[in-house]
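>>> Output the structure for:
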Amino acid sequence: MDAYATARHSLELWRIAMDKGQLDKAREIVQVSWNRPLVDVLVAMFHQSEHPAAGALFAGEDDVLALLRDPELREGFLKRS
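The predicted model follows:
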């Protein structure tokens with residue numbers, strides 16, 4: 001599995017866990033995601049999602065871009081305690 005797919009799956013799993021009210025599981029997904037060797041891909045994805053050309057950068061990946069821009073998800077992933 002490539003780094004992008006792994007990062008995308010982490011975002012999707014977090015959203016599913018939060019939607020089910022599984023807060024501990026969501027926190028675990030964040031922790032595991034940031035401790036993976038390919039974390040630079042996840043960081044780049046968050047950074048690129050705010051770029052003016054994000055629509056082109058994530059062409060065909062509207063669901064991923066929506067996740068990356070979701071305020072709750074951003075807080076969950078980017079506000080690490």
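
>>> what sits against the residue most central in space within the chain?
Among the residues of the chain, the one closest to the centroid is Leu11, at 3.6 Å (CA atoms, centre = their mean). Neighbouring residues of Leu11 by CB atoms under 8 Å, 6 or more residues apart in numbering: 64, 67-68, 73, 77. In short, each C-beta sits where N, CA and C put it, glycine included.

>>> same check, this time on Asn35
Asn35 touches nothing, counting by CB under 8 Å, 6+ apart.

>>> Next one: it from Leu68, what distance?
Using CB to CB, to the nearest Å, Asn35 is found at 19 Å from Leu68.

>>> swap in Leu78?
Separation of Leu78 from Leu68 (CB to CB): 10 Å.

>>> Name the residues contacting each of those two.
Phe46.

>>> burial count for Ile16?
By the criterion of other CB atoms under 10 Å, Ile16 has 13 neighbours.

>>> after the helix or strand harbouring it comes which helix or strand?
In this structure, Ile16 sits in helix 3-19 according to DSSP states H and E. Counting by DSSP H and E, the element after helix 3-19 in chain order, helix or strand, is helix 23-34.

>>> now the closest residue to Ala26 other than its chain neighbours: how far from Asp40?
Distance criterion CB to CB, 6 or more residues apart in numbering; nearest residue to Ala26, sequence neighbours excluded, is Ala17 at 4.1 Å. Using CB to CB, Ala17 is found at 24 Å from Asp40.

>>> Looking at those two, which one has more neighbours?
Neighbour count, other CB under 10 Å: between Ala17 and Asp40, Ala17 has more, with 19 against 11.

>>> Hmm, the more buried one is touching Lys25, no?
Yes. Between Ala17 and Lys25 a contact is recorded at 4.3 Å, counting by CB atoms under 8 Å.

>>> quick one: low-confidence parts of this protein?
Scanning the chain with the threshold set as pLDDT under 70 gives 1, 80-81.

>>> nearest residue to Val41 other than its sequence neighbours?
Closest residue to Val41 apart from its sequence neighbours, by CB to CB, 6+ apart: Ala3 at 4.0 Å.
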